[in-house]
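> got a structure for you, letters missing:
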């Protein structure tokens, strides 16, 4: 097999086979300019001359030509390089929901002429990937995707979680490859206040009759709330007017 000069989007590999003492030659052309590789048999040179019209092709020659395409596929396989990052860490709150996404890269480190189509498979239903397929990566080309965590059903008592994200491509030389992930789940906060009652004394206060306030003790409730296991705490406020 001899490899001819190639441009940036295609290359042609020369093949030959001998049938009944006669040599047949042709080129198997691979084009990677599109979303998937395409193949053509070109420049067919028969023992009787260049094939242009209706020269019959022996079955052995047709099979050899078909085998030449399989040979191209075997010699121009992609390779998977994960990351950066190859390890992800998420710090999430118990029961809060979706985290912010993290951008992750995937590279085809295979030879020139290869195309990588990586399928991303999560080991946990709450570990989300978008998109799930990063395809059409030529040699040394990098694609990106986003990973996020849904902590709705995650418990701090079971933290940390260690799901995995696997990338596969059956044509790659090193499929599958894995991203390692750690998810730390923080427990819900508990709101506590001290003191639980606030008292304000107002002395020599001149009241506006329109307000209708008379000397006495006035009370109100201050509610403090937030994302927590006890939702809120009420604080009693007293104002004494003398």
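Received, thanks. Note that the coordinates shown come from a computational prediction; the quantities given were computed from them, not determined experimentally.
> Quick check on the residue nearest the centre of the chain: phi, psi?
Among the residues of the chain, residue 145 comes closest to the average C-alpha position under CA atoms, centre = their mean, at 3.4 Å. Its backbone dihedrals place residue 145 at phi -150, psi 170, with angles given as degrees, to the nearest 10.
> Look up which residues are beta-bridged to it.
Per DSSP bridges, the residues bridged to residue 145 are residue 104.
> OK, contacts around it?
For residue 145, the set of contacting residues under the criterion of CB atoms under 8 Å, 6 or more residues apart in numbering consists of 103-104, 106, 120, 129-131, 134. In short, each C-beta sits where N, CA and C put it, glycine included.
> Check residue 104 too.
Taking CB under 8 Å, 6+ apart as the contact definition, residue 104 lies against 83, 85, 88, 144-147, 179.
> Report the separation between it and residue 222.
Taking CB to CB, to the nearest Å as the criterion, residue 104 is separated from residue 222 by 45 Å.
> possible to save the contacts of residue 145 as a markdown table with secondary structure, distance to residue 75 and pLDDT?
As requested, the contacts of residue 145 are exported to a markdown table (DSSP: H, G, I helix; E, B strand; the rest coil; distance: CB to CB, whole Å; pLDDT from 0 to 100):
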| residue | secondary structure | distance to residue 75 | pLDDT |
| --- | --- | --- | --- |
| 103 | strand | 33 | 97 |
| 104 | strand | 30 | 96 |
| 106 | strand | 23 | 96 |
| 120 | strand | 27 | 97 |
| 129 | strand | 31 | 97 |
| 130 | strand | 34 | 97 |
| 131 | coil | 29 | 96 |
| 134 | strand | 23 | 95 |
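> Export these as TSV, with columns for distance to residue 191.
Putting the contacts of residue 145 into TSV (distance: CB to CB, whole Å) gives the following:
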residue	distance to residue 191
103	35
104	36
106	43
120	40
129	36
130	35
131	40
134	44
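> which of those residues are buried?
Among the contacts of residue 145, the ones that count as buried by 16 or more other CB atoms under 10 Å are 104, 106, 120, 129, 134.
> Select, from these, the two members most distant in space.
Using CB to CB, the two most remote members of the buried ones among the contacts of residue 145 are 106 and 129, lying 11.0 Å apart.
> how's this structure carved up into domains?
Here the domain parsing of the chain from automatic domain parsing is 2-75, 80-186, 197-241.
> Burial-wise, tell me which of these comes out on top.
For the domains of the chain, the stretch with the most neighbours on average is domain 80-186, a mean of 17; neighbours defined as mean count of other CB atoms under 10 Å.
> after the helix or strand bottoming out on mean pLDDT in the chain, next one along is what?
Taking mean pLDDT, DSSP states H and E as the measure, the helices and strands of the chain show their lowest mean at strand 2-3, namely a mean of 42. Past strand 2-3, further along toward the C-terminus, the next helix or strand under DSSP states H and E is strand 10-19.
> Can you give the strand pairings for that next one, parallel or anti for each?
For strand 10-19, the paired strands and their directions (DSSP bridges) are strand 2-3 (antiparallel), strand 22-31 (antiparallel).
> okay, those in JSON lines with distance to residue 51 next?
Rendered in JSON lines, the data for the strands paired with strand 10-19 read as follows (distance: least, CB to CB, whole Å):
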{"stretch": "strand 2-3", "distance to residue 51": "19"}
{"stretch": "strand 22-31", "distance to residue 51": "8"}
